[in-house]
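In: could you look at this predicted model? Sequence included:
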Amino acid sequence: MKRMIETGKVDFGTEKTMKNLMAGNARLVVIASNCPKKARTELENRSKIENIPIIRYPGTSLQLGEVCGKPFVVASLSVLDSGSVPIGDLKA
């Protein structure tokens, strides 16, 4: 995940993720296990409508932030460009 963030384009946060989904810019959505239920449901529904794959990260938003190399919690993120990492290679 970190290599994808370093070589590609990723937006962090539920609002940015939803905006990217609605604009058709997201290629993949990652949602932390403790993402608030309302936000998770909205992101999952929009992802289905837009036919965008979702990874349900098994860790918390704090752990997802750490995996991404960020000093803050990350409840969700959207991948706009996976850089040198093929999207099919990403796993929770």
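Out: Sure thing, it's come through. Since the model is a prediction, treat every value here as computed from it, not as a measurement.

In: mind listing the strands for the protein?
Out: Applying DSSP state E to the chain gives strands spanning 9-12, 28-32, 54-57, 76-81.

In: for the ones you listed, give me JSON lines that also has mean pLDDT, distance to residue 68 and mean neighbour count.
Out: Any C-beta I mention is one placed from the backbone N, CA and C, and that applies to glycine too. What follows is the strands of the chain, written out as JSON lines (pLDDT from 0 to 100; distance: least, C-beta to C-beta, whole Å; neighbours: other C-beta atoms under 10 Å):
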{"stretch": "strand 9-12", "mean pLDDT": "96", "distance to residue 68": "7", "mean neighbour count": "18"}
{"stretch": "strand 28-32", "mean pLDDT": "97", "distance to residue 68": "9", "mean neighbour count": "23"}
{"stretch": "strand 54-57", "mean pLDDT": "96", "distance to residue 68": "10", "mean neighbour count": "18"}
{"stretch": "strand 76-81", "mean pLDDT": "95", "distance to residue 68": "7", "mean neighbour count": "22"}
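
In: in JSON lines: these, plus distance to residue 44.
Out: Listed next are these as JSON lines, based on distance: least, C-beta to C-beta, whole Å:
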{"stretch": "strand 9-12", "distance to residue 44": "17"}
{"stretch": "strand 28-32", "distance to residue 44": "7"}
{"stretch": "strand 54-57", "distance to residue 44": "6"}
{"stretch": "strand 76-81", "distance to residue 44": "10"}
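
In: and the ones you listed: which comes nearest residue 1?
Out: Proximity to residue 1, assessed across the strands of the chain by C-beta to C-beta, is greatest for strand 28-32 (7.8 Å).
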